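A.B. asks: Fold the following.
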Amino acid sequence: MELILMPLRVDGNLNEEDVQTMSSLLENGKLSHHVWKTDNLRGLYEKLNAKGALFTMPPTDRPYGVIEALLKDDSGNVFVLHEDK
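C.D. replies: Next up is the predicted model:
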């Protein structure tokens, strides 16, 4: 698997309006969700949080039988950290 993270910026493919629209969608958690499964979400949360990671939602029990946390990187990408109960 290869994972490439790139910042949103005006370039040959995106204009200022594109960047603003996509940034707003990312900031509101409506675009580019990536789900990463773990067996110990609370432990991973504590480790990453201690290193300064930005969580927009701490580990939360969800009604559909999982625990989830939302992590945002410095480029605005949102990651769902997921643990089955």
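A.B. asks: Show the backbone phi and psi for Glu55.
C.D. replies: Check again: residue 55 is Phe, not Glu. Backbone torsions for Phe55, taken as degrees, to the nearest 10, come to phi -100, psi 130.
A.B. asks: shouldn't it be in contact with Leu71?
C.D. replies: Yes: at 5.6 Å, Phe55 and Leu71 qualify as touching, with contact defined as CB atoms under 8 Å. Every residue, glycine included, has its C-beta placed from N, CA and C.
A.B. asks: Need the residues touching each of the two.
C.D. replies: Shared between the contact lists of Phe55 and Leu71 (criterion: CB atoms under 8 Å, 6 or more residues apart in numbering) are residues Leu48.
A.B. asks: neighbour count winner among these two?
C.D. replies: Leu71 (20 against 15; other CB atoms under 10 Å).
A.B. asks: Next one: the more buried one from Gly12, what distance?
C.D. replies: From Leu71 over to Gly12 the distance is 30 Å, taken as CB to CB, to the nearest Å.
A.B. asks: Then Val78?
C.D. replies: 25 Å.
A.B. asks: Comparing these two, which residue is more hemmed in?
C.D. replies: Val78 (20 against 5).
A.B. asks: Now do the same for the more buried one: its pLDDT.
C.D. replies: Note on Val78: pLDDT of 80.
A.B. asks: ok, now Glu27?
C.D. replies: Confidence score, pLDDT, at Glu27: 75.
A.B. asks: contacting residues around it?
C.D. replies: Gly76.
A.B. asks: could you redo the last one with a cut-off of 6 Å?
C.D. replies: By CB atoms under 6 Å, 6 or more residues apart in numbering, no residues touch Glu27.
A.B. asks: Tell me where this protein has helices.
C.D. replies: Listed in chain order, the helices of the chain (DSSP state H) span 16-27, 41-50.
A.B. asks: Switch those over to JSON lines; also include distance to Pro59.
C.D. replies: As requested, these are exported to JSON lines (distance: least, CB to CB, whole Å):
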{"stretch": "helix 16-27", "distance to Pro59": "21"}
{"stretch": "helix 41-50", "distance to Pro59": "5"}
